[in-house]
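In: mind folding the following:
(2 chains)
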Amino acid sequence: MKLFTKLTLFITLSKLAIVILFVWLLPFLVNRVAYQYNDYYLNEQKKKAMDVIRQNGIEAYLQGEPSYGSYTMLKEEYISLEPAGRVVVPDTIATLRRVVEADTLTYRVLSHTFYYNNNRYILEVGKTTATIGQYNQPLQRVALYVLIGLIVSTIVIDLIFTRLLLRPLGVIIRNRLLNTRFPFRETMRPVQTSTTDFRYLDDSLTELMGKVREAFEKEREFTSNASHELMTPISILQSKMENLMMEETLPEVLQKRVMDMMKTLNRLKKIIHSLLLISRIENDQFPKADSFPLRSLLQEVVDELGHRLQEQRLHFDLRLSGNMVLHGLNHDLIFQLIYNLLNNAIRYNKPAGSIIVHDQLIPGKPYRLLIKDTGIGIPENEIDSIFNRFKKVEKKENDGYGLGLCIVRTIAQYHGIKIEVASSVGVGTLFTLIFPEGMAAASPDEEASLPEGDHILDAYNGFSKF
Amino acid sequence: MKVLIVEDEKVMASEMEAFLKKTFYLCDLAYTAKQGLEKMEENQYDFILLDLGLPDKDGLLLLQEAKKNCPDAACIILSARGQLEDRIKGLDLGADDYLPKPFSLLELQSRMQAVARRKFGLADSIVVLGDFRVDLNKRLVLYADEVEIALSRKEFDLLSYLLLHKNRPLTRMQLSEHIWGNFSDDDYDSNYIDVHIKNIRKKLSAYSSVEWLHTVRSVGYKVKI
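Out: Numbering: from 1, shown residues only, chains lettered A, B, ... in the order given. Predicted coordinates for the structure are as follows:
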């Protein structure tokens, strides 16, 4: 999830939680405030009554009667003055039931005991509980509306501000991570921001990419230098041996020796070639802009390998559905990839075995090319390491030097092609190339002109008639 | 034919000289761009073999001057850099061929021959081989001047390579390097060359004897004329 989405979610949810808490607490709070205010009000009323008694004497109320009582028209409030008993009770405020003219009502009552002319009186000021909470509902509603309005406006402000705040981060991700391509040759302009964290992030990324570029350039330079430095002495040795080979006085025994030396030198040469090839692919030095039909590429490979198929008396079967055209890759590298796989399929095959190359074109799924042989197979514990450098599957008489499959993997990775290997010892091996979306597309116009049968196979069979 | 070899590795230069001398080329050696330039100004050459990695100057710059001084010379670039851009740049600047190091001297001679045929239009492209005549330009093998014998592309390449280096034993490895090039193929110890030679023998011996095609035991093959 993106940071902005997370923040939006967090801000909205946290405010929602506050609203729910507030709504839940609001009736209780309002009620409490109303009662507290009411108690204060009763106290004030009591003070007024006591002031009147102090100024005008108790007779102003009693007027000869032993007790006094008064209430408002709707009986919301009352005041009463009665003689009290012996026991001194401190002032209390309590919710009590009182009978006023035959109506029993619930009042909030303040009871105050006082002495007047050595007589003890009790003053009660009361207010019906119904009137205490009469404004609660509208108050709650208004409070809720105001709160919701405030929350919505703070959410909007928060989101606008967060968006503004996070904008440099978006720019950094876009400019530094998404739109850059290894080896980061483009010049980097610093991102405009006053946030030091982003400033630091951007500077660090730029610095890091600079270092990567530097290391990459160094490796490129090394590759080029190593190639020169190693190739020159090999060149000299090779020339010397070739000249020696041509000496007419050279005995046959020595000719054979020189040839052995040339073989060893050739092996060295090919190892260096392969290492340089891998290094150049990894250094991004091959353009990926070729488009070509897969069928014609396979034809080229089989043309090169026909003599080996013939020598091993292998049955070669090629079944391609339609005419697939590959886009956006390097022809020579893909040739090398297919060549190495087929070459292995031949080398590790059994005499008179077979090699089947076919494909799977399922709509909605990536295009697959499958190369299956009836060879010696690969033990399960070795499958994971067959693509490693200098890893040999099994010693064979004219074994390679172990870089063939490493080159295959490097080329496949370079093009985003996935390779799957399935093998069982003594039965054979299946290599599956899974092309990324959009790399392989059927070419409908040429499809019709090609018969279902196979011209590569024909070409090969024609070859074997020689 | 006069050849100027511009190569800073003295041993390499003298090996090339030794090889080319045997095939009747006259060679001058230059170990630096400066020496090369002096030689170019003094003499006219048919071939200039140019190493790109010279100590005192970029070989590509020297190539431009060579084109000025010896406009008729065929220039072949020899380079260990082997990068595609170098190759394209070299050919763009007027080089006639490009040979990445390490190369086989046989391959060098073969390229020189091809350039000579193309550039100087040498007439001796027809070689008599027993009862056969091989036309290197038209890529034909004729028997008794009229019957055309169909060889596959690789078989013809093999035969003409053996012909070019006639009377010399060529190893299977040298032959396969010529036929299959230098791409990463680790089956150097192959005897696939034998299959092709067998085919050539079979096709040609249907018409006449092919005793000029010798097998050099445990080494390779040789065309003896």
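In: only C-alpha atoms for contact and neighbour calcs from this point on.
Out: Will do.
In: so where's chain B shaky on pLDDT?
Out: Where chain B drops to pLDDT under 70, the residues are B:81-84, B:121-124, B:181-191.
In: measure the closest residue in space to A:N136 that isn't next to it in sequence to chain B for me?
Out: Among residues not flanking A:N136 along the chain, A:V30 sits closest, at 6.1 Å (CA to CA, 6 or more residues apart in numbering or on different chains). In this view, A:V30 and chain B are 84 Å apart by CA to the nearest CA, to the nearest Å.
In: wait, A:V30 sits on A:R141?
Out: No - with contact defined as CA atoms under 8 Å, A:V30 does not reach A:R141; the gap is 11.0 Å.
In: compare neighbour counts for the two and give me the winner.
Out: Legend: neighbour count by other CA atoms under 10 Å in any protein chain shown for A:V30 and A:R141, higher for A:V30 (17 against 13).
In: assign a three-state SS to that one, would you?
Out: The three-state label given to A:V30 by DSSP: H, G, I helix; E, B strand; the rest coil is helix.
In: ends of stretch A:341-353, what's the gap?
Out: Taking CA to CA, to the nearest Å, stretch A:341-353 runs 16 Å from one end to the other.
In: hmm, who's touching that stretch?
Out: A:305, A:308-309, A:312-315, A:355, A:371-377, A:405, A:408, A:428, A:431 (CA atoms under 8 Å, 6 or more residues apart in numbering or on different chains).
In: go again with 6 Å.
Out: Applying CA atoms under 6 Å, 6 or more residues apart in numbering or on different chains, the external contacts of stretch A:341-353 come out as A:312-314, A:373-376.
In: list the buried residues for that stretch?
Out: Across stretch A:341-353, burial judged by 16 or more other CA atoms under 10 Å in any protein chain shown covers A:341-351, A:353.
In: any idea where the helices of the stretch 51-200 of chain A begin and end?
Out: A:59-62, A:129-132, A:136-172, A:196-245 (DSSP state H, counting those that start in this stretch).
In: which one of those helices lies closest to A:F114?
Out: helix A:59-62 (14.8 Å; CA to CA).
In: return the set of buried residues in the closest one.
Out: Quick answer for helix A:59-62 (16+ other CA under 10 Å): A:Y61.
In: how near is the residue of chain B found nearest chain A to B:D51?
Out: Nearest residue of chain B to chain A, counting by CA to the nearest CA: B:P102, 4.3 Å away. Applying CA to CA, the value for B:P102 to B:D51 is 12 Å.
In: A:L74 now?
Out: A:L74 is 120 Å from B:D51, where distance means CA to CA.
In: could you do B:C27 as well?
Out: Counting by CA to CA, the gap from B:C27 to B:D51 is 15 Å.
In: check whether stretch B:205-217 contacts chain A.
Out: No - between stretch B:205-217 and chain A, judged by CA under 6 Å from any CA of the partner chain, nothing touches; the nearest distance is 8.4 Å.
In: mind exporting that stretch as CSV, just the C-alpha atoms?
Out: Once non-C-alpha atoms are left out, stretch B:205-217 reads as follows in CSV (Å, rounded to 0.1, in the frame of the first residue of the first chain):
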residue,chain,number,x,y,z
SER,B,205,35.0,-39.4,-56.4
ALA,B,206,31.9,-40.4,-58.3
TYR,B,207,33.6,-38.5,-61.2
SER,B,208,37.3,-38.9,-60.7
SER,B,209,40.1,-39.6,-58.3
VAL,B,210,40.4,-37.4,-55.2
GLU,B,211,43.9,-38.5,-54.2
TRP,B,212,45.0,-34.8,-53.8
LEU,B,213,42.9,-34.7,-50.6
HIS,B,214,45.1,-36.2,-48.0
THR,B,215,44.3,-37.3,-44.5
VAL,B,216,47.1,-36.3,-42.1
ARG,B,217,47.0,-39.0,-39.5
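In: quick check: buried residues in that stretch?
Out: For stretch B:205-217, a neighbour-count test (16+ other CA under 10 Å) marks B:210, B:213, B:215-216 as buried.
In: repeat that for stretch B:20-39.
Out: Buried, per 16+ other CA under 10 Å, within stretch B:20-39: B:20, B:25, B:27-34, B:36-37, B:39.
In: first-to-last residue distance for it?
Out: End residues of stretch B:20-39 are separated by 18 Å (CA to CA).
In: helix, strand or coil for A:Y41?
Out: Applying three-state DSSP: A:Y41 is helix.
In: same question for the one 4 residues further on.
Out: Reduced to three states with three-state DSSP, the structure at A:Q45 is helix.
In: do you know how far it is from A:E124?
Out: Taking CA to CA as the measure, A:Q45 falls 10 Å from A:E124.
In: look at the two and report which has more neighbours.
Out: The neighbour comparison of A:Q45 against A:E124 (other CA under 10 Å) goes to A:E124, with 22 against 16.
In: and stretch A:309-327, what's its mean pLDDT?
Out: Averaged over stretch A:309-327, pLDDT sits at 87.
In: enumerate the positions of that stretch that are buried.
Out: Per 16+ other CA under 10 Å, stretch A:309-327 contains these buried residues: A:309-310, A:312-320, A:322-327.
In: just give the number of residues close to the closest residue to chain B within chain A.
Out: In chain A, the residue that lies nearest chain B is A:S235 (4.3 Å; CA to the nearest CA). For A:S235, the tally of surrounding residues (other CA under 10 Å) stands at 21.
In: still on that earlier bit, and the two most separated of the contacts of stretch A:341-353?
Out: Within the contacts of stretch A:341-353, A:R313 and A:I376 form the most distant pair, 16.0 Å apart (CA to CA).
In: re the thing from before, in strands, which of the contacts of stretch A:341-353 fall?
Out: Judged by DSSP state E, the contacts of stretch A:341-353 include A:D373 as members of strands.
In: just the contacts of stretch A:341-353 now: which is nearest A:Y40?
Out: The closest of those, once distances to A:Y40 are taken by CA to CA, is A:D373, at 98.5 Å.
In: OK, contacts around the closest residue to B:C27 other than its chain neighbours?
Out: Closest residue to B:C27 apart from its sequence neighbours, by CA to CA, 6+ apart: B:V3 at 4.7 Å. Shown in contact with B:V3 (CA under 6 Å, 6+ apart): B:26-27, B:45-48.
In: got TSV for the residues you listed, with distance to A:M245 and secondary structure too?
Out: Converted to TSV, these look like this (distance: CA to CA, whole Å; DSSP: H, G, I helix; E, B strand; the rest coil):
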residue	distance to A:M245	secondary structure
B:L26	21	strand
B:C27	21	strand
B:Y45	28	coil
B:D46	27	coil
B:F47	25	strand
B:I48	25	strand
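In: tally of neighbours for A:V142?
Out: Count around A:V142 with other CA under 10 Å applied: 11.
In: against A:L26, how distant is it?
Out: Taken as CA to CA, the span from A:V142 to A:L26 is 11 Å.
In: how about B:Y25?
Out: B:Y25 is 109 Å from A:L26, by CA to CA.
In: re earlier: which stretch among the helices of the stretch 51-200 of chain A comes nearest A:Q36?
Out: For these, the distance to A:Q36 is smallest for helix A:129-132, at 9.9 Å, taking CA to CA.
In: quick one: buried residues of that closest one?
Out: A:129, A:132.
In: swap in stretch A:32-46?
Out: Here stretch A:32-46 shows A:34-35, A:38-39, A:42-43, A:45-46 as buried, counting by 16+ other CA under 10 Å.
In: phi and psi next, for A:L370.
Out: Backbone torsions of A:L370, given as degrees, to the nearest 10, read phi -120, psi 130.
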